[in-house]
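[1] task: produce atomic coordinates for the following.
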Amino acid sequence: MTSPGRRRAQKKTRVRRRRLPMRYLLPSLFLVALLAMLMLRGYVHSEILADHRVRPPVAYDQVPEDILKGGPVIDARDKNAPKALSVPDKKLVLTFDDGPDPVWTPRVLDKLKEYDAHGVFFVTGTMASRYPDLVERMVKEGHEVGLHTFNHPDLSYQSANRIDWELSQNQLAIAGAAGVRTSLFRPPYSSFSSALDNEAWPVTQYIGSRGYITAFNNTDSEDWKRPGSDAIIKRATPEGTKGSIVLMHDSGGDRSQTVAALDRFLPEMQARGYEFTVLTEALGAPSAHTPVSGLDLWKGRAFVAAVAVSENTTGVLVGGLAIIGVLVFARFGLMLVLSFAHARKVRRRGFRWGSPITEPVTVLVPAYNEKECIENTVRSLMASDHPIEVIVIDDGSTDGTADIVEAMWLPNVRVVRQVNSGKPEALNNGIRHARYDIIVMMDGDTVFEPSTVGELVQPFGDPRVGAVAGNAKVGNRDSLIGAWQHIEYVMGFNLDRRMYELLGCMPTIPGAVGAFRREALDRVGGMSEDTLAEDTDITMAMHRDGWRVVYAEKARAWTEAPESVQQLWSQRYRWSYGTMQAMWKHRRAVIERGPSGRFGRVGLPLVSLFMVLFPLLAPLIDVFLLYGLVFGPTQKTVGAWLVVLAIQAVCAAYAFRLDKERMTHLISLPLQQLLYRQLMYVVLLQSWITALTGGRLRWQKLRRTGVVEAPGSIPGQRQSSENRRPVA
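    Numbers count the residues shown, from 1 in each chain. Here you go, the predicted model:
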């Protein structure tokens, strides 16, 4: 039997195993928070749950006659005895609908304060929650506020539940902004009480049953038509000395004519003996405001605070995306121009780096459990048209990799065995055994074309060149995930390398195909184990030491890309985290002088922006895209996304043309942008989490199949397709 202690230990182990990994938890929480903020923003901008229908007038035979012929204020709190109230003579109640507005409401308030006048502001919940300081100012300066619903729908179309929701949410916003409740209400799209019909009257009765007084108007300035300040004043002026409720607006568009009209209307009417007062005071009723405290107050404040966070955060994100969009487009343009310049330079007739390199070179092949690939790799090197020696450094393989190479009995191929120590040490060990001054490095899962080595070493004819990056290509591109990586390699890596060469700041020589001058390697201390991206680390070290790093487009190497999401994740996680480590290691280049400073102030910022920071915002593009499709201007959203996709397609097509690749693989480009980018985002975020938490990432061996062979190489024994892992 299992002891109780052991059962508890097993239970704890199961609990630990159920924990959601941080790499999933944080991205999920971030996306949930972002979606919540976007939904809240859409809610308070009337993009979500808004109803813009307006019912045409219908019959009014069910409306009591004394209501139709009575005053503009309807008190239906007693359902058996609804009353129509009027404003006494010499009293004017100025009412302003649809605010508060950040531009026009302060100007209206300033005019009222200037002439010691008061009014009633019927605010919507959407605007009150976004500009709570203006609602607070209204109350502090002696004005009354009333409900105008939250989203401004025509309530005759709405259910009782929706009406209650509109009222409660409107009250919530006012409570959070000014700490009060109000008993005044004005329905959207309303005019005179005499215009009540059989659809609007039941709504007014229901509003009364909820404890509200409904305030219509009997003098409409029609300022929303912007007829000019003279016309506004004329329409707002009551006959003789009659009291009146005047309808104006402080939001919903340009209200400059309203403000100009107030500047004349207020003193003119005061000179005629009118008093501008709030509604309850004019009616001799208790104040419409009731202080809010306790839970209701904190709920209101929390809602207003959440709206502020949503507004500010989404505003920053939208602004940031706009800036990033400009920079990305500028980078696309720069990449196209410099790539064209690079291709024109190296392809012009008679171009030479210097004296032709004809002497033998050393090719290093670090290998750890590469039995599926190593034979194809070595045989491809034997077909090289440049004299080479091949050193396979077996890094403690347990699958007989070294035995396979030795059993091939090939000339100029040596095997160096070592205890498993990692790829950097394997390369350093190979450098120590190398006979020649130019050293080519490749991966154990890569195959070269016959001309690759010769093309790769020609730039060393220029004595300033310390390292050369070759043209790495995806060999297993017959699956969807392979096609996506093929697009990325051709467009994202090789176009970049052309641009970076001309800028003098190439960040990475691919481990699959690169060459180094031994003198340069010795000066920077060889391959370092400080990072998981030894290829990026050594490249940055070369720049800081003053060497040129260039790109040889014809030095093609065919590598086996990961064939499952899990394998791709592992590879890119290591690349991403290793790049961050290398950037941190070489951060002092930013403040140094000479070649190191030039690289630090040009190369490091470019890598930081476009390889580390900007990709983190990739999901925002798709989140805003989804939001725009569902709630925003769908046509404009789709159009903007298609424009971005078209620009990317142009860059990709140009890259494919430079590399003489078939365009058929670009069919999967739209799907790559939607799915592949998100995977890369999560990988990058996981790398950030690892870096910020001080985690350590170990080397991860990818599963290989050995299916890749280079065009023109000596055929080797292909692996059975049964060994290939399907796309996950």
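
[2] next, count neighbours for residue 28.
    Here the number of neighbours of residue 28 (other C-beta atoms under 10 Å) works out to 12. Just so you know, the C-beta spots here come from the backbone N, C-alpha and C atoms, and that holds for glycine as well.

[3] that one looks like it's in a strand, true?
    No: counting by DSSP: H, G, I helix; E, B strand; the rest coil, residue 28 is not part of a strand but helix.

[4] separation between it and residue 35?
    The spacing between residue 28 and residue 35, counted by C-beta to C-beta, to the nearest Å, is 11 Å.

[5] check residue 313 too.
    12 Å.

[6] which one's more surrounded, the two?
    When residue 313 and residue 35 are compared for neighbours, residue 313 comes out ahead with 16 against 13, by other C-beta under 10 Å.

[7] ok, that one touching residue 37?
    Yes: using C-beta atoms under 8 Å, residue 313 is in contact with residue 37, at 5.5 Å.

[8] does anything pack onto the biggest helix by length in the chain? Which helices or strands?
    In the chain, with assignment by DSSP state H, the single longest helix is helix 294-347. The contact analysis (3 or more C-beta pairs under 8 Å, 6 or more residues apart in numbering; DSSP states H and E) places helix 294-347 against helix 22-44, helix 125-130, helix 160-178, helix 496-503, strand 548-559, helix 618-630, helix 634-658.

[9] name the stretch among those that sits most buried.
    Of all the helices and strands packed on helix 294-347, helix 125-130 has the most neighbours on average by mean count of other C-beta atoms under 10 Å, namely a mean of 28.

[10] what does the helix or strand that that one is followed by contact?
    Sequence order places helix 132-140 as the next helix or strand after helix 125-130, per DSSP states H and E. With C-beta atoms under 8 Å, 6 or more residues apart in numbering as the test, helix 132-140 has contacts from 99-100, 102, 105-106, 109, 121, 123, 128, 144-145, 173-174, 176-180, 289, 304, 308.

[11] helix 132-140: how far from the chain's middle?
    For helix 132-140, the separation from the chain centroid amounts to 35 Å (computed by C-alpha atoms, centre = their mean, to the nearest Å).

[12] in the chain, which helix or strand is least confident?
    Of all helical and strand segments in the chain, the minimum by mean pLDDT, DSSP states H and E falls on helix 4-18, at a mean of 52.

[13] skipping its backbone neighbours, what lies nearest residue 443 in space?
    residue 512 (4.9 Å; C-beta to C-beta, 6 or more residues apart in numbering).

[14] from residue 528, how far off is that neighbour?
    Going from residue 512 to residue 528 by C-beta to C-beta gives 19 Å.

[15] what of residue 293?
    65 Å.

[16] who has more neighbours, the two?
    Set side by side, residue 293 and residue 528 show more neighbours around residue 528, with 15 against 10, by other C-beta under 10 Å.

[17] what's the neighbour count on the closest residue to that one other than its chain neighbours?
    Spatially, and ignoring its direct neighbours in sequence, residue 528 is nearest to residue 537 (5.2 Å; C-beta to C-beta, 6+ apart). Residue 537 is flanked by 25 other residues according to other C-beta under 10 Å.

[18] by contact count, what packs against whatever helix or strand residue 537 lives in?
    Assigned by DSSP H and E, residue 537 belongs to helix 534-544. Secondary-structure packing of helix 534-544 (3+ C-beta pairs under 8 Å, 6+ apart): helix 423-433, strand 465-474, strand 514-517, helix 518-524, strand 548-559, helix 565-585, helix 594-607.

[19] alpha carbons of the first one, in CSV - could you do that?
    What follows is helix 423-433 as a C-alpha-only set of coordinates in CSV (Å, rounded to 0.1, in the frame of the first residue of the first chain):
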residue,chain,number,x,y,z
LYS,A,423,28.1,24.0,-30.0
PRO,A,424,30.4,27.0,-29.2
GLU,A,425,33.1,24.7,-27.7
ALA,A,426,32.7,22.3,-30.6
LEU,A,427,33.4,25.1,-33.0
ASN,A,428,36.4,26.3,-31.0
ASN,A,429,37.7,22.8,-30.9
GLY,A,430,37.4,22.7,-34.7
ILE,A,431,39.2,26.0,-35.1
ARG,A,432,42.1,24.6,-33.1
HIS,A,433,42.3,21.6,-35.5
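
[20] so what touches that helix?
    362, 364, 366-368, 391, 393, 395, 414, 416, 418, 421, 439, 441, 511, 518, 521, 526-529, 534, 699.

[21] which parts of the following helix or strand past that helix are buried?
    The C-terminal neighbour of helix 423-433 among helices and strands, as given by DSSP H and E, is strand 438-441. Across strand 438-441, burial judged by 16 or more other C-beta atoms under 10 Å covers 438, 439, 440, 441.

[22] what's downstream of strand 438-441, the next helix or strand?
    strand 446-448.

[23] show residues contacting that next one.
    With C-beta under 8 Å, 6+ apart as the test, strand 446-448 has contacts from 373, 376-377, 380-381, 384, 442, 472, 475, 512-513, 556-560, 708-710, 713.

[24] cheers, nothing more for now.
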